[in-house]
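J.: Sequence and predicted structure are below.
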Amino acid sequence: MTATVVLGLAWGDEGKGRVCDALASDADYVSRYSGGNNAGHTVRVGSEEFKLNLVPSGIVREDVVCTIGNGVVVNPEALCEEVQALEARGLSVRDRLKVDGRAHLIMPYHIALDSHRELALGDARIGTTNRGIGPAYEDKVARYGIRVQDISDEGILKAKLKAALREKNAIFENVYGEKPYEVSDLASWLLEYEDFMAPMISDTGTFLREGLENREKVLLEGGQATLLDNDHGTYPFVTSSNPTVGGAIVGSGISTQYLEYVVGVTKAYTTRVGDGPMPTELFDETAETIREAGHEYGTATGRARRVGWLDLPAVKWAASLNGITHLALTLLDVLSAVEKVNVCVGYEIDGKRFDGYPMHQTDLHHARPIYKELPGWDGDITGCRMRVDLPREAREFVEFVEAEIGAPLCMISVGPEREQAIVERIAV
Ligand code: GDP
Ligand code: IMO
Ligand code: MG
């Protein structure tokens with residue numbers, strides 16, 4: 001009767017999919033609670049690599065049931081393609097995947113608005129994944145959204161589309177000089193997915209709570225990450241949902257009483273895709289070395305990720321915000337490629353030292369990292385399975401990070417493969 005949340009402590013791509021896959025070996029259910037197909041979670045099983053956008057990582061394990069919670073925004077076309085692609089690779093998906101009827105749908109006009117807005121912002125753009133995420137959440141909050149359950153009631157669907165398009169079409173025609181959308185076209189497009197979606201639609205919150213009451217284990221898989229959170233992240237360079245622990249409760253429909261573990265995932269360094277402040281970003285050869293060693297190219301969009309040293313004040317703040325019970329440290333093996341390792345331990349902001357994480361965005365833009373230099377280590381560590389197997393310098397790095405963040409490590413990932421990990425504590 002426990003729920004575990006797995007969430008990112010930085011700007012995404014921390015290896016949440018990989019950590020979820022490891023923890024899912026002890027879970028009955030894996031559920032996504034926020035975001036949509038802006039996420040890209042990688043799971044490696046032997047020679048097979050799965051890149052999951054909307055479907056929870058647990059689907060890779062045949063004995064796990066997966067849910068897409070009410071807090072997720074669902075593009076039915078993308079979901080259909082992803083499910084079909086996974087089934088084509090031999091996984092059973094439709095009989096193990098449930099989609100909450102309260103989740104909102106991403107419609108074609110959301111994607112069009114996302115790209116128009118980004119173009120209009122020019123240099124001030126957010127660098128979104130262009131998947132319509134922001135506009136879909138806007139409609140949800142504005143109460144103009146179309147929900148998954150609306151797919152099975154054509155009358156209501158058309159009435160809702162009509163209401164949504166009144167303002168939307170005025171924007172498309174008058175602001176962006178585009179053709180208006182027709183209710184009938186959109187309804188026909190959506191209804192093409194009715195047969196595919198209908199068997200999966202359910203009340204996933206009630207389903208998970210029943211499982212929890214029956215002493216089953218639920219893993220809540222975060223998309224995006226803390227510094228991309230709409231409330232807590234580097235606004236406006238954020239996503240439009242709450243990937244943080246509160247979002248896991250709201251977006252999955254389970255209550256706090258079941259929540260036992262919160263696993264915060266951080267890389268041994270920092271990456272960011274998209275625009276916005278990143279105090280430890282590197283622009284030199286080291287960035288290139290880390291990017292190539294870590295294959296730091298976006299899973300969802302293929303964009304080269306910005307790379308920098310581990311930003312401890314940011315990660316510590318994110319760990320505290322989410323009340324993490326455990327830490328998972330990933331991509332440690334990538335730092336074998338550099339001679340010396342820097343860790344940001346504070347910032348200098350307008351000539352003054354600042355040890356916390358600044359609330360004011362201007363301060364974050366002005367923050368210059370203060371580094372502690374640690375010795376690097378030689379050799380391949382992907383074969384290490386216990387902490388004592390690590391070279392002394394790598395162990396010291398791990399101990400330093402663990403002590404600074406103040407949460408025990410449950411896992412140190414030393415490679416992308418399922419078995420390339422040092423597993424230290426049970427967190428599910
Ligand atoms: P997520 O969005 O948080 O699930 O992370 P992504 O899947 O977008 O990005 C993480 C990338 O790092 C993927 O390509 C993983 O296969 C890879 N990865 C995860 N853990 C490790 C690790 O410990 N070492 C290495 N070298 N790669 C890893
Ligand atoms: P996972 O789950 C990294 C970033 C985008 C952009 C900002 C807003 O794989 O960690 P959006 O399309 O959400 O409106 O874009 O958020 N972003 C991610 N960056 N990993 C992700 O997901 C991301 N999802 C969104 O690059 O900066
Ligand atoms: Mg990712």
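T.: That came through, no problem. Ligands and ions are numbered 1, 2, ... in the order given.
J.: all contacts plus neighbour counts: C-alpha atoms, from now on.
T.: Noted.
J.: Give me the contacts around the strand or helix carrying residue 308.
T.: For residue 308, the element it lies in under DSSP states H and E is strand 306-311. For strand 306-311, contacts defined as Cα atoms under 8 Å, 6 or more residues apart in numbering pick out 267-273, 279-282, 287, 290-291, 296, 341-345.
J.: Check residue 1 and give its pLDDT.
T.: Here, the pLDDT recorded for residue 1 equals 72.
J.: Kindly report the same for residue 425.
T.: 83.
J.: And the pLDDT at the closest residue to it other than its chain neighbours?
T.: Here the nearest residue to residue 425 in space, its sequence neighbours aside, is residue 410; by Cα to Cα, 6 or more residues apart in numbering that works out to 4.5 Å. Listed pLDDT for residue 410 reads 97.
J.: Could you look up the SS state of residue 410?
T.: strand (DSSP: H, G, I helix; E, B strand; the rest coil).
J.: Can you report how many residues lie near it?
T.: Each residue near residue 410 was counted by other Cα atoms under 10 Å, and the total is 21.
J.: circling back: what about the helix or strand just after the strand holding residue 308, average pLDDT?
T.: Note on strand 306-311: by DSSP H and E, the next helix or strand toward the C-terminus is helix 312-322. Mean per-residue pLDDT for helix 312-322: 98.
J.: pretty sure the residue nearest to residue 425 is touching residue 327, no?
T.: Yes - using Cα atoms under 8 Å, residue 410 is in contact with residue 327, at 5.9 Å.
J.: orientation of the host helix or strand of residue 402 relative to strand 306-311 in degrees?
T.: Assigned by DSSP H and E, residue 402 belongs to helix 392-405. Calculated by axes from the mean of the first three to the mean of the last three Cα atoms, to 10 degrees, helix 392-405 forms an angle of 70 degrees with strand 306-311.
J.: Which other helices and strands does helix 392-405 contact?
T.: Helix 392-405 is packed against helix 312-322, strand 368-375, with contacts defined by 3 or more Cα pairs under 8 Å, 6 or more residues apart in numbering; DSSP states H and E.
J.: With respect to burial, which of the ones you listed scores highest?
T.: helix 312-322 (a mean of 21; mean count of other Cα atoms under 10 Å).
J.: Send over that helix as PDB, restricted to the C-alpha atoms.
T.: Only the C-alpha atoms of helix 312-322 are listed here, as PDB (Å, rounded to 0.1, in the frame of the first residue of the first chain):
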ATOM      1  CA  LEU A 312      23.900  21.900  -6.400                       C
ATOM      2  CA  PRO A 313      22.000  25.000  -5.000                       C
ATOM      3  CA  ALA A 314      19.300  24.400  -7.600                       C
ATOM      4  CA  VAL A 315      19.200  20.600  -7.000                       C
ATOM      5  CA  LYS A 316      19.200  21.100  -3.200                       C
ATOM      6  CA  TRP A 317      16.400  23.500  -3.500                       C
ATOM      7  CA  ALA A 318      14.400  21.100  -5.700                       C
ATOM      8  CA  ALA A 319      15.100  18.300  -3.300                       C
ATOM      9  CA  SER A 320      13.700  20.300  -0.400                       C
ATOM     10  CA  LEU A 321      10.700  21.600  -2.400                       C
ATOM     11  CA  ASN A 322       9.700  18.000  -3.200                       C
END
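J.: From residue 85, how far off is the residue in the stretch 51-200 of the chain that ligand 1 sits nearest to?
T.: Nearest residue of the stretch 51-200 of the chain to ligand 1: residue 51, at 7.1 Å (Cα to the nearest ligand atom). To residue 85, residue 51 is 10 Å away according to Cα to Cα, to the nearest Å.
J.: just residue 16 next, same as before
T.: Taking Cα to Cα, one finds residue 16 at 21 Å from residue 85.
J.: Tell me which of the two has more neighbours.
T.: Neighbours around residue 16 and residue 85, counted as other Cα under 10 Å, are more numerous at residue 16. The numbers are 31 against 13.
J.: buried residues in the helix or strand where residue 77 lies?
T.: The secondary structure element spanning residue 77 is helix 76-88 (assigned by DSSP H and E). Residues 76, 77, 78, 79, 82, 83, 84, 86 are the ones in helix 76-88 that count as buried (16 or more other Cα atoms under 10 Å).
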